[in-house]
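**Q** model the structure of this input:
(chains A and B)
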Amino acid sequence: MDGKKIEEIVITAFNEYFETQDIQGKVDADTVLFGEESALDSMGLVNVVIDIESFFHAEGYNISLTSERAMSRKSSPFRTVSTLVDFIAELIDEASK
Amino acid sequence: MLGLLLDQLGAYASSGRSAIIDHDRVFRYGDLLERIESWDSRFAEKGIGPGRVVVIRSDFSVDAIALFISTIKNDCVVVPIVENDIPREEIAAISQADWWVDMEPDGRVRWESVGGRASKSGLLADLTEEGKPGLIFFSSGSTGKPKAILHNVENLFSKYQSSRKAYSTLAFLLFDHIAGIDTVFYTLFAGGTVVIPSARDPRTVLETIDRFQVEVFSTTPSFLNWMLLTGDLDSFDLSSLKIITFGSERMSESTLANMQRRFGDRVKLMQKYGTTEFGSPVSKSRDDDPLWIQFKRENFDYKVVDNRLFVKSPMSMVGYLNDAGADIVDGWLDTGDVVEVDGEWMKILGRQSDIINVGGQKVYPSEVESVLLEIENISDVSVYGIPNPIMGHVVAARINLFEDEPAQAVKKKIRRHCKDRLETFKIPASVEVTKEKLVSDRFKKVR
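**A** A predicted model of the protein is given here:
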């Protein structure tokens, strides 16, 4: 699975969540996911992360975005959409090795 | 006490009243007495004397009820059992059983001697040496380990002295459950009619209510929800119904609202509360909202500590026959139920063990279930917690649908609907659509 495809999945997941919760604005690669600038609270982020995971599970990629490893990284994979996409690509890459 | 029951049965027999309707056949009180006597002669034939323990594995039937009465009349200890997960050997060993009676739905009866000893040990000895009849309930218990609870029948039945209203009552709750036994004996002591349904699906139940003019129906909230959903209610005449009671799990607001819409003021809806240890207290429901109940402190005491309900009753329990149920401290039973209190009124919120802790905030599954049931095309739902590294736990929902629909669409619909109805942390983060039934064979929600 290439980076573009992963990005598309991630962006769709966020936009769909925004839509159901009436959160204004669209998500793109540079959208900040966490912290003061984010339109999401932590519960919202948890929801989207679970959505993304279950999407990949359904595609046969058994990845966990909230593993001990993800959480203990020096720079969080949840900063922006693109850092999250990179992290997922890394996990998928590892899983297929 | 039992003498009183038999006197009552005799009196009702002479007035020719119907006692039990079983598989469409009507048995009068006289027929019931005859059957009790015929079981009595089996006890004599087999030389089963006082203090012996008899396991009866059966559903409710006229014969099972007659054998039950005969067993306690012979000062034995009765153990009512239905098909369950507890191994037969374990039941026999814990209850120190002497006889095991299998009663099949087709009427076949098999007696098997299972090798108990005449002298019992422990609490059973205390009871049987006094020559008192006993009753043992096996309950799955909240920890999964079965609890075996011994009651003194004379004490357990003493409350029926005041049963006066002769209703026609559906024996819906099961033979091995204290509430099932309670339904039947309350009805018989009062000279009412016990109506046994041939199956426990909504259609059969509704049809039975219609055909035999059932007045009282005691069930669980999950079953009522199932019944409302089948949409068959209009095909039957339910005008005989006067009282519907529900208990053993929390009733959701949406199911209650549906029931009220369906039955209006014509039927009294009542919440019941009970435990296998202490039976159920006399209670009343608040007129404007039956989810609020009040216990009569008559042989039944209660206290609420940190919103958790503790109950105490000197009534009938002799004690636990195994160590699985050491939930009692100084006579107080920790029910594990969380309640809201308003003066003398109380509302059951759910089991402590079902509460989901999302980032330190409490979620009661039934509150979420109630909101999800408002959504079109959702027929049933079970809400539970799943571990999550960020929040500790998050809310998850398993969904039954009327018509197939993609899981993704269902999830979106749920989020949209819940947005204005629930706080964010209560909205299911994970949604699974399944065809598996979400209600157990004991008509309680599977979580």
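**Q** for the stretch 301-447 of chain B, give me the ranges with low pLDDT.
**A** Counting by pLDDT under 70, the stretch 301-447 of chain B shows low-confidence ranges at B:323-327.
**Q** would you mind naming what in it lies close to chain A?
**A** B:358-359, B:388-391, B:394, B:411-412, B:415-416, B:419, B:424-425, B:427, B:429-430 (Cβ under 8 Å from any Cβ of the partner chain). Backbone N, C-alpha and C define where each C-beta goes, glycine included.
**Q** of those, which belong to strands?
**A** Those of those mapping onto strands are B:Val358, B:Asn388, B:Val394, B:Ser430, per DSSP state E.
**Q** where does pLDDT dip in chain A?
**A** Scanning chain A for pLDDT under 70 picks out the ranges A:71, A:97.
**Q** may I ask which of the ones in strands among the residues of the stretch 301-447 of chain B next to chain A has the most neighbours?
**A** Within those, neighbour counts (other Cβ atoms under 10 Å in any protein chain shown) peak at B:Val394, which reaches 24 neighbours.
**Q** hang on, that one packs against A:Val46?
**A** Yes. Counting by Cβ atoms under 8 Å, B:Val394 touches A:Val46, with 6.1 Å between them.
**Q** give me the common contacts of the two.
**A** Each of B:Asn388, B:Ala429 lies in contact with both B:Val394 and A:Val46 under the rule Cβ atoms under 8 Å, 6 or more residues apart in numbering or on different chains.
**Q** show me what counts as buried in stretch B:81-97.
**A** Across stretch B:81-97, burial judged by 16 or more other Cβ atoms under 10 Å in any protein chain shown covers B:Ile81, B:Val82, B:Asn84, B:Ile86, B:Ile91, B:Ala92, B:Ile94, B:Ser95, B:Gln96, B:Ala97.
**Q** CSV for the residues you listed, including distance to chain A?
**A** Supplementary listing: those in CSV, determined by distance: Cβ to the nearest Cβ, whole Å:
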residue, distance to chain A
B:Ile81, 42
B:Val82, 39
B:Asn84, 35
B:Ile86, 36
B:Ile91, 42
B:Ala92, 46
B:Ile94, 43
B:Ser95, 47
B:Gln96, 51
B:Ala97, 49
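**Q** quick one: which of the residues you listed sit in helices?
**A** Judged by DSSP state H, helices contain the following of the buried residues of stretch B:81-97: B:Ile91, B:Ala92, B:Ile94.
**Q** just the pLDDT for the second one.
**A** What it means is B:Ala92. B:Ala92 is assigned 94 on the pLDDT scale.
**Q** grab the nearest non-local neighbour of it.
**A** Spatial nearest neighbour of B:Ala92, excluding adjacent residues (Cβ to Cβ, 6 or more residues apart in numbering or on different chains): B:Val114 at 4.9 Å.
**Q** now for that neighbour, how many residues are close by?
**A** Neighbours around B:Val114, by other Cβ under 10 Å: 19.
**Q** quick check: it vs chain A, distance?
**A** Here the criterion is Cβ to the nearest Cβ, to the nearest Å. By it, B:Val114 lies 50 Å from chain A.
**Q** thinking again about what came up before, mind putting the ones in strands among the residues of the stretch 301-447 of chain B next to chain A into JSON lines with distance to B:Ile375?
**A** JSON lines is the format used below for those (distance: Cβ to Cβ, whole Å):
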{"residue": "B:Val358", "distance to B:Ile375": "21"}
{"residue": "B:Asn388", "distance to B:Ile375": "24"}
{"residue": "B:Val394", "distance to B:Ile375": "19"}
{"residue": "B:Ser430", "distance to B:Ile375": "16"}
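**Q** considering the residues you listed, which is situated nearest to B:Asp404?
**A** B:Ser430 (19.8 Å; Cβ to Cβ).
**Q** partner residues bridging the closest one?
**A** When assigned by DSSP bridges, B:Ser430 has beta-bridge partners B:Ala396.
**Q** show me the contacts for it.
**A** The neighbourhood of B:Ser430, defined by Cβ under 8 Å, 6+ apart, consists of A:Ile50, A:Ser54, B:Ile386, B:Val394, B:Val395, B:Ala396, B:Ala397.
**Q** what's the farthest-apart pair in these?
**A** Farthest pair in the contacts of B:Ser430 (Cβ to Cβ) is A:Ser54 and B:Val395. Separation: 14.5 Å.
**Q** which one of the two has more residues nearby?
**A** Neighbours per residue (other Cβ under 10 Å) separate A:Ser54 from B:Val395, with B:Val395 holding more: 26 against 18.
**Q** once you drop chain neighbours, what's closest to the more buried one?
**A** B:Pro428 (4.8 Å).
**Q** swap in B:Thr220?
**A** Using Cβ to Cβ, 6+ apart, the nearest residue to B:Thr220 is B:Phe443, at 4.4 Å.
**Q** how many neighbours does the one you found have?
**A** By other Cβ under 10 Å, 20 other residues sit near B:Phe443.
**Q** in a strand, it, correct?
**A** No. Using DSSP: H, G, I helix; E, B strand; the rest coil, the assignment for B:Phe443 is coil, not a strand.
**Q** sec struct for B:Ala66, please.
**A** Per three-state DSSP, the secondary structure class of B:Ala66 is helix.
**Q** count the residues that sit near it.
**A** B:Ala66 has 23 nearby residues by other Cβ under 10 Å.
**Q** residues contacting B:Arg266?
**A** B:Ser239, B:Leu241.
**Q** hang on, the residue nearest to B:Ala92 packs against B:Gln96?
**A** No. In this structure, B:Val114 is not within contact of B:Gln96 by Cβ under 8 Å, at 9.7 Å.
**Q** number of nearby residues for residue 33?
**A** The chain I'm using is chain A. A:Leu33 has 23 neighbours, counted by other Cβ under 10 Å.
**Q** can you look at chain B instead?
**A** 18.
**Q** and it, helix, strand or coil?
**A** Three-state call for B:Leu33 (three-state DSSP): helix.
**Q** so which residues of the chain form helices?
**A** Using chain A. A:3-20, A:42-58, A:68-71, A:81-95.
**Q** hm, I was asking about chain B
**A** For chain B, the helices defined by DSSP H occupy B:2-14, B:29-45, B:62-73, B:88-94, B:122-129, B:153-158, B:178-189, B:202-211, B:221-230, B:253-263, B:365-372, B:407-419.
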